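output the structure for:
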Amino acid sequence: MPSTITKAAEGYYRRAFTVDEIVAMQDAGIISEDENFELIEGEIVPMGPKYSAHELIKSELGMALSKSCPDTLRIGFESSFFLSASTFVEPDIAVYSKRLRTQDVRGPDILLAIEVAASSLAYDLNLKAKLYARHGVREYWVIDANERVAFVHLGPSETGWGSVTRKAPEEVLRSAAVPDFKFRLVDA
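All right, here's what the predicted structure looks like:
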């Protein structure tokens, strides 16, 4: 079976894409650069619209991070990161070294990835969490925009995360990547 084929849940084969093919389709105008999707192990996964709770939390987190972030780091908002030849993701917020260009950032270079979930909570806590761990993202947070709770993932490995801690809205969120950063979801 060629590597450009994936098998869907219902057992039917589908054609898989590579990051290079997606970029070429965007360059040719086949896929608009405005389309909101990720490429997950060769499959195009459309991303839904973002609602007010999602945008409010993302904005508040971004402002707090930017106030605390050292000059050596960069904060990306929905930046495309290429984890492999068949996978790119666009976390809501990511922290990585300023010395890297966005297109050069790989999994271990992402010090903190944050997904704010209103309707995608199960996806972000399961498939996406496994994907980020397997590719060595150092720290991963999933923020439940509806309940204002955070799931902090630490210790990535090929098989998953070493620990996942649920943080209540009033608990202080901190990141090893940005030591001066402190944030409570109840304040967002």
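
just the helices in this structure please.
19-27, 52-68, 121-125, 127-134 (DSSP state H).

residues of the shortest one that come out buried?
So that's helix 121-125. 121, 123, 124, 125 (16 or more other Cβ atoms under 10 Å). Yep, even glycine has a C-beta here, placed from its N, CA and C like the rest.

in this protein, which ranges drop under the pLDDT threshold?
Residue ranges of the chain with pLDDT under 70: 1-11, 48-51.

what about the strands in it?
5-7, 13-15, 37-40, 43-46, 73-77, 81-84, 87-89, 93-97, 110-117, 139-144, 149-157, 160-167, 172-175, 178-184 (DSSP state E).

just give me the residue closest to the centre of this structure.
The residue lying closest to the centre of the chain (Cα atoms, centre = their mean) is residue 91, at 2.8 Å.

which ones are touching it?
76, 78, 79, 81, 110, 113, 114, 115 (Cβ atoms under 8 Å, 6 or more residues apart in numbering).

domains in the chain, as residue ranges please.
Domains of the chain are assigned by automatic domain parsing as 5-45, 50-187.

now render the strands of the chain as a markdown table, adding distance to residue 22 and mean neighbour count.
A markdown table is the format used below for the strands of the chain (distance: least, Cβ to Cβ, whole Å; neighbours: other Cβ atoms under 10 Å):
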| stretch | distance to residue 22 | mean neighbour count |
| --- | --- | --- |
| strand 5-7 | 14 | 13 |
| strand 13-15 | 12 | 12 |
| strand 37-40 | 6 | 19 |
| strand 43-46 | 8 | 13 |
| strand 73-77 | 19 | 17 |
| strand 81-84 | 10 | 21 |
| strand 87-89 | 7 | 21 |
| strand 93-97 | 19 | 22 |
| strand 110-117 | 20 | 24 |
| strand 139-144 | 23 | 24 |
| strand 149-157 | 25 | 18 |
| strand 160-167 | 27 | 14 |
| strand 172-175 | 30 | 16 |
| strand 178-184 | 31 | 16 |
